[in-house]
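Enquirer: A structural model of the following input is requested.
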Amino acid sequence: MKTKIVSILSLVVVLGFILSGCCALEQAAKDETPPPSPRVEEKVVAEKVIIPASEPTVAPTVAPKVVEKVILLEDIHFDLDKSTLTKEAQMILKRNIQVLKENPNMRIIIQGHTSAIATEEYNQKLSERRAKSVEDFLIKEGGLAPNRLSEIGYGETRLETPEPNPEITESAAAKTNRRVIFKIIVK
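Expert: Below is the predicted model:
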């Protein structure tokens, strides 16, 4: 009989601990508001241990520090049926040049695009001219090595924004699609 009472009391105590833990976790979850997610440009994956040459070599117990970088190059936009760079596009490219100079291991693919106005063949050639004008600017004005750059035209095959009425040449969608974007390759 005593054994049954002790067993029942033990069970009650264990259940009490379990229930109080669940309630505490539930309350903590209610009280906790998720922190805002900031835009992170560098993220530490692990710590780096530095051992001065004067100290005896000891195997580090912490993994080396690895930093991930997020690099964004600004897109540039073109006027209707043009491949010449606007003043605004040149200013953006000068900022992009600075980022490229700070990251000498970075290569970029310059991707030219058009809106849906005109024929596919014409848009293909226009997108190639846009990409080429950006490449030329980066080399001539920015002093970047040509082997860090390559260009490709996509014409109207990769619209950023769908154009339900391509005949409206100055629609917001058409203006958005007349662009050059940059694909970054780090080696």
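Enquirer: hey, let's count contacts and neighbours off CA atoms from now on
Expert: Will do.
Enquirer: separation between Lys69 and Met106?
Expert: 12 Å (CA to CA, to the nearest Å).
Enquirer: to clarify, my last question referred to Ile185.
Expert: Distance, Ile185 to Met106, by CA to CA: 6 Å.
Enquirer: repeat that for Ser150.
Expert: Per CA to CA, Ser150 is found 12 Å from Met106.
Enquirer: same deal with Asn177?
Expert: Between Asn177 and Met106 the distance is 26 Å, computed by CA to CA.
Enquirer: hmm, who's touching the helix or strand hosting Ala131?
Expert: Using DSSP states H and E, Ala131 maps to helix 120-140. The contact list for helix 120-140 (CA atoms under 8 Å, 6 or more residues apart in numbering) reads 81-85, 93, 97, 110-117, 144-146, 149-156, 180.
Enquirer: just the buried ones among these, please.
Expert: Neighbour counting by 16 or more other CA atoms under 10 Å classes 81, 83, 85, 93, 97, 110-117, 144, 149, 151-156, 180 among these as buried.
Enquirer: of those residues, which belong to helices?
Expert: Counting by DSSP state H, the part of the buried ones among the contacts of helix 120-140 found in helices is Leu93, Ile97.
Enquirer: hmm, back to that, between Lys69 and Met106, tell me which one has more neighbours.
Expert: Higher neighbour count among Lys69 and Met106: Met106, with 16 against 11, using other CA atoms under 10 Å.
Enquirer: excluding sequence neighbours, find me the nearest residue to that one.
Expert: Val186 (4.5 Å; CA to CA, 6 or more residues apart in numbering).
Enquirer: verify the contact between that neighbour and Asn105 for me.
Expert: Yes - contact between Val186 and Asn105 holds when scored by CA atoms under 8 Å: they sit 5.8 Å apart.
Enquirer: all strands for the chain, in order.
Expert: Under the criterion DSSP state E, the chain contains strands at 42-44, 67-69, 76-77, 106-112, 149-153, 179-186.
Enquirer: so the fourth one versus strand 179-186, what angle?
Expert: Just to be clear, that refers to strand 106-112. On the basis of axes from the mean of the first three to the mean of the last three CA atoms, to 10 degrees, strand 106-112 is oriented at 160 degrees to strand 179-186.
Enquirer: kindly calculate the angle that strand 106-112 makes with strand 149-153.
Expert: 20 degrees.
Enquirer: distance of Arg130 relative to Gly153?
Expert: Distance from Arg130 to Gly153, by CA to CA: 8 Å.
Enquirer: ignore what I typed, I meant Ile181.
Expert: Using CA to CA, Ile181 is found at 10 Å from Gly153.
Enquirer: then Ile97?
Expert: Distance from Ile97 to Gly153, by CA to CA: 21 Å.
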